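Chemist: The amino acid sequence is not available; the structure is as follows:
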């Protein structure tokens, strides 16, 4: 969205406005996130269907999996907003950092196992 703010004149004007303009940009960002999340979820569920990894290979199952994955995206977006509103910091950034740090122990263990061989 920051890049689009420089390219799209409407977004640029909203960013220069007061809090109402920034709220509009945040609203567009959220809708865009849900749309991109659904597109990615649909592609992932279609890939599962193509590899016969779903219990039921019907299109309704593909759609249901895509909707569930999109709901997870919406939940993480809501959780990030709650963390930000709580004053802890940028919620989404914290969620991403925690996800990266959670994989650190297994990564260190894998590296030590490689050096032991």
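Modeler: Received the coordinates, thanks. Since this is a predicted model, take the numbers as computed values, not measurements.
Chemist: This protein: helices as residue ranges?
Modeler: Using DSSP state H, the helices of the chain run over 2-7, 9-16, 19-50, 59-85, 91-102, 104-116.
Chemist: same for the third one, what does it pack against?
Modeler: So the one you mean is helix 19-50. helix 9-16, helix 59-85 (3 or more C-beta pairs under 8 Å, 6 or more residues apart in numbering; DSSP states H and E). The way it works is simple: take the backbone N, C-alpha and C, and place the C-beta from them, glycine included.
Chemist: May I see these arranged in TSV, with mean neighbour count, distance to residue 111 and mean pLDDT as well?
Modeler: Converted to TSV, the helices and strands packed on helix 19-50 look like this (neighbours: other C-beta atoms under 10 Å; distance: least, C-beta to C-beta, whole Å; pLDDT from 0 to 100):
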stretch	mean neighbour count	distance to residue 111	mean pLDDT
helix 9-16	14	43	84
helix 59-85	15	29	95
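Chemist: what about the ones you listed, which gets the closest to residue 49?
Modeler: Checking the helices and strands packed on helix 19-50 against residue 49 by C-beta to C-beta gives helix 59-85 as the closest, at 5.1 Å.
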